[in-house]
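1. sequence below, structure please.
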Amino acid sequence: MSTTADATFGLDTAAHVGIAVSDLDRSVAFYRALTGTDPAVNDENMHGAGFAHSQGLSRSKLRYATFHLRNLGIDLIQFEDPVGERSQPAANRPGSMHLCFQVDDLRSVYERMRDAGYGFLGEPYTFAADEVTPPDAVGTEVAYFNDPDGTNLELIAPKGGFAGPQ
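-> Reported below is the predicted structural model:
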């Protein structure tokens with residue numbers, strides 16, 4: 001892919017993140033519990049050659065559900081045809097992405113989730129002065145976990161530059 005540094009396109013608003021899943025029903029239950037919301041649409045389908053070609057596939061048949069958060073949609077997509085191979089996402093693998101949920105009290109949310117059986121990749125972490133820039137990001141707390149298919153998920157109680165647009 002070629003890019004030029006002087007070409008800009010103004011893509012400054014995210015609509016949704018799409019997550020490929022192996023079992024739509026299981027993933028809907030997981031994200032329903034995680035977000036505390038019901039999907040806006042559930043167990044819908046898409047299929048057809050035109051859609052498949054737009055995805056770089058020769059054919060496609062899929063089921064999907066969509067959750068609407070306050071600032072972003074989450075599309076859960078189960079490809080029934082063709083069924084894809086399971087990916088091996090990890091924080092350090094190029095191409096891997098993660099979805100981050102902002103919280104006010106990370107320790108409280110972490111403890112409630114842990115007590116409910118969610119497995120975290122490690123203990124919550126708070127960034128120290130010599131570990132992160134900009135300096136106003138010091139004190140940001142993070143914790144990482146995975147969904148049932150291994151998608152990287154994060155909790156964050158952000159400070160400074162990690163706080164994003166207000």
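2. quick one: the strands in the protein?
-> Here the chain has its strands, by DSSP state E, at 16-20, 41-47, 61-68, 73-81, 98-102, 125-126, 141-146, 152-157.
3. same list (those strands) but as TSV, adding mean pLDDT and mean neighbour count.
-> Yep, even glycine has a C-beta here, placed from its N, CA and C like the rest. Output for the strands of the chain, formatted as TSV (pLDDT from 0 to 100; neighbours: other CB atoms under 10 Å):
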stretch	mean pLDDT	mean neighbour count
strand 16-20	95	15
strand 41-47	93	13
strand 61-68	96	19
strand 73-81	96	18
strand 98-102	95	15
strand 125-126	95	14
strand 141-146	96	19
strand 152-157	96	19
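4. would you format these as JSON lines with distance to A7 included?
-> Listed next are the strands of the chain as JSON lines, based on distance: least, CB to CB, whole Å:
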{"stretch": "strand 16-20", "distance to A7": "24"}
{"stretch": "strand 41-47", "distance to A7": "31"}
{"stretch": "strand 61-68", "distance to A7": "31"}
{"stretch": "strand 73-81", "distance to A7": "27"}
{"stretch": "strand 98-102", "distance to A7": "27"}
{"stretch": "strand 125-126", "distance to A7": "37"}
{"stretch": "strand 141-146", "distance to A7": "33"}
{"stretch": "strand 152-157", "distance to A7": "30"}
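5. quick one, what contacts the residue lying closest to H47 once chain neighbours are set aside?
-> Counting by CB to CB, 6 or more residues apart in numbering, H47 lies nearest to K61, which is 4.3 Å off, once chain neighbours are set aside. Contacts for K61 were tallied using CB atoms under 8 Å, 6 or more residues apart in numbering; they are 45-47, 79-81.
6. same deal with Q102?
-> Contacts of Q102 (CB under 8 Å, 6+ apart): 156-158, 164.
7. of those, closest to D12?
-> In terms of CB to CB, no member of the contacts of Q102 lies closer to D12 than G164, at 12.6 Å.
8. in this structure P89 contacts Y144, no?
-> No - with contact defined as CB atoms under 8 Å, P89 does not count as touching Y144 (11.6 Å).
9. now list whatever residues contact both of those two.
-> Joint contacts of P89 and Y144 (CB under 8 Å, 6+ apart) are N152.
10. okay, and the beta partners of the nearest residue to V41 once chain neighbours are set aside?
-> Sequence neighbours aside, T66 is the residue nearest to V41 in space, at 4.9 Å (criterion: CB to CB, 6+ apart). Note on T66: beta-bridge partners V41, D75, judged by DSSP bridges.
11. okay then, goodbye and thanks.
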